[in-house]
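>>> got a predicted structure here, sequence first:
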Amino acid sequence: MKTAVNTVSFTLNGEKKTFSTRPDEKLLDLLRREGYKGTKYGCGQGTCGACTVIMDGRAVYACLLYAMQAEGRKVRTIESMGTHDKPAPIQQELVAAGAVQCGYCIPGIIMSATALMEAEKDITDEVAREYMDGNLCRCTGYEKIWVALRKTIDRAAAEPAKKAPKGGKK
């Protein structure tokens, strides 16, 4: 018996793409098959966060979603973030804090942190912890990750103040 093949179209990292997929294929498997290897397979149950991507502005587990559920959506993977030569602020801070050891969890952590910083304006520790819940790291004990996240959040919060004109009325 032959398995049906469908197509799914969605915006991936800013580009409209169309892929062939089976009805039972998970989004994680489609992404990895298509060369987006930064999205990792961890648990397959939505509990470790290694497969986190951003879909329509929300951090989601790609291991739980069928590829067909991405139809018409905007999906971002870790490949949409900074480059080796120009890393994103969260990437810079993770490296500076020594938070990257084996690195397996880092793409999911970066995607969850990015969703947090794009969705929330005043980010309290409680809100940050809620967004980051579900991203497991077996190497760092989380303290270095937390330091990097807090520095990134604080730096982003200070940026508008830097851009504001100084002095009185002009």
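Okay, I see it. Numbers count the residues shown, from 1 in each chain.

>>> list the contacts of Ala157.
Ala157 sits next to Asp122, Ile123 when contact means CB atoms under 8 Å, 6 or more residues apart in numbering. Placement of C-beta: from N, CA and C, glycine included.

>>> just the buried residues of the helix or strand that it is a member of, please?
In the assignment (DSSP states H and E), Ala157 maps to helix 143-163. Neighbour counts using 16 or more other CB atoms under 10 Å place Lys144, Ile145, Trp146, Val147, Ala148, Leu149, Lys151, Thr152, Ile153 of helix 143-163 among the buried residues.

>>> do you know how far the residue nearest in space to the middle of the chain is from Asp24?
Nearest residue to the geometric centre of the chain (CA atoms, centre = their mean): Met111, 1.4 Å. Using CB to CB, to the nearest Å, we find Met111 at a distance of 24 Å from Asp24.

>>> identify the residues contacting the residue nearest to the centre of the chain.
Thr52, Val53, Ile54, Ala59, Arg76, Thr77, Ile78, Met81.

>>> secondary structure class for the third one?
Going by DSSP: H, G, I helix; E, B strand; the rest coil, the secondary structure assigned to Ile54 is strand.

>>> now do the strands in this protein.
6-12, 15-21, 52-55, 58-61, 74-76 (DSSP state E).

>>> now do Gly134 against Gln45, distance only.
In terms of CB to CB, Gly134 sits 11 Å off from Gln45.

>>> ditto for Arg22
20 Å.

>>> looking at these two, which is more packed in?
Taking neighbours as other CB atoms under 10 Å, Arg22 and Gln45 compare with Arg22 leading, 15 against 9.

>>> OK, contacts around that one?
If you count contacts by CB under 8 Å, 6+ apart, then Arg22 has Thr3, Ala4, Val5, Asn6 around it.

>>> top of the residues you listed by neighbour count?
Busiest of the contacts of Arg22 [other CB under 10 Å] is Asn6, holding 13 neighbours.

>>> great, nothing more from me.
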